[in-house]
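Chemist: Can you look at this prediction? I've put the sequence above it.
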Amino acid sequence: MAAPEAPEEKFSLREVLDTFKLCLSEDKEVYVEHYVAGWRGLIKFLNSLGSVFGFISKDAVNKIKILVTHLEGENSSEYVTVQSMVKYELENELVDLNKRGNHPESGCRTLLRLHRALRWLELFLERLRTSGEDGKTSVMCAEAYNESLSQHHPWVVRKAAGMAFCVLPGRPAFFEVMNVGTPEQVVAMLGDALPLISEVYQVTEELYAQHNLLDLP
Ligand SMILES: CCCCCCCC/C=C\CCCCCCCC(=O)N[C@@H](COP(=O)(O)O)[C@H](O)/C=C/CCCCCCCCCCCCC
């Protein structure tokens, strides 16, 4: 008899926070392993919102799989931090810099997609943190998206994302899924999480800017 499928673990904001804390080394290098783990945690949240978000989750999972393949591949030691990954892939011409070519699954272009999504997350969580009880998550999400990720998406993806945002649960249900406690406790934890997420974003942004990697195809 086939073993019953293990139920997917519940999302925990605390866990995501702890993972983002582990992301930065003392000298501000970003660990790919913890970066990926942070996204895995966030995807659990997304999955709990229902199948409307399936196309977003699928894309994020695919990107994580690509990074894990690098992390576990024969050159795994080059993929310990985002800094070492950038250096290795650039020195070995493993990145398509101007148009898509032989390296559609480079670590640099794959992580860039998640990096842009991290900016969306930062903007969204900041809105969520400072919103009132009757704040509309769909509006907060759409505004954050329009200010960040949407600029990198074609019309059809923007349209599909916009439709998915409309079915987001309200703020109270949203806070419940976070598994933290009272709304005040959620707000406090978001206050702890945001500077960490923001720092990881900034360090990565500067690194990519320094190497002209912010527009990888
Ligand atoms: C702390 C808890 C509260 C917040 C929890 C948020 C959970 C969010 C989890 C995952 C977010 C999704 C990350 C999406 C990565 C998208 C990467 C991307 O831009 N991919 C596009 C480009 O890739 P290539 O074609 O160049 O390889 C790809 O075309 C995208 C396809 C899917 C659509 C992406 C829409 C993104 C909308 C982000 C908002 C998510 C809404 C979540 C609602 C809470």
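Modeler: Perfect, I can see it now. Numbering: from 1, shown residues only.
Chemist: And the residue nearest to L128 when sequence neighbours are not counted, how far from E26?
Modeler: Distances taken as C-beta to C-beta, 6 or more residues apart in numbering place M140 nearest to L128, at 5.9 Å, with adjacent residues excluded. In this view, the C-beta of every residue, glycine as well, is placed from N, C-alpha and C. M140 sits 34 Å away from E26 when distances are taken as C-beta to C-beta, to the nearest Å.
Chemist: These two: who's more crowded?
Modeler: Taking neighbours as other C-beta atoms under 10 Å, M140 and E26 compare with M140 leading, 23 against 5.
Chemist: Can you verify my assumption that the more buried one contacts F124?
Modeler: Yes - when contacts are counted by C-beta atoms under 8 Å, M140 is listed as touching F124 (5.9 Å).
Chemist: Phi and psi next, for T81.
Modeler: phi -120, psi 160 (degrees, to the nearest 10).
Chemist: same thing with the one 5 residues further on?
Modeler: Recorded main-chain torsions at V86 are phi -60, psi -50, according to degrees, to the nearest 10.
Chemist: Please list all residues in contact with it.
Modeler: Going by C-beta atoms under 8 Å, 6 or more residues apart in numbering, V86 touches C108, L207, Y208, H211, L213.
Chemist: ok, and for the longest helix anywhere in the chain, which residues are buried?
Modeler: Counting residues, the longest helix found in the chain (DSSP state H) is helix 183-210. Within helix 183-210, the residues scored as buried using 16 or more other C-beta atoms under 10 Å are 186, 189-190, 193-194, 196-198, 200-201, 203-204, 207-208.
Chemist: List, out of these, those positioned next to the ligand.
Modeler: Residues of those in contact with the ligand (C-beta under 6 Å from any ligand atom): none.
Chemist: Going by distance to R119, which of those residues wins?
Modeler: Y201 (5.9 Å; C-beta to C-beta).
Chemist: who's in contact with that closest one?
Modeler: H115, L118, R119, E122.
Chemist: Now for the residues you listed: which two are most distant?
Modeler: So, those by C-beta to C-beta: farthest apart are H115 and E122, at 10.9 Å.
Chemist: and the contacts of Y201, which of them are in helices?
Modeler: Short answer: the contacts of Y201 in helices (DSSP H) are H115, L118, R119, E122.
Chemist: was I right about the second one contacting V200?
Modeler: Yes - the pair L118 and V200 qualifies as a contact (C-beta under 8 Å) at a distance of 7.0 Å.
Chemist: one step back: among the ones in helices among the contacts of Y201, name the buried ones.
Modeler: H115, L118, R119, E122.
Chemist: now the helices for the protein?
Modeler: For the chain, the helices defined by DSSP H occupy 13-23, 32-47, 54-72, 82-91, 107-130, 137-146, 155-165, 171-177, 183-210.
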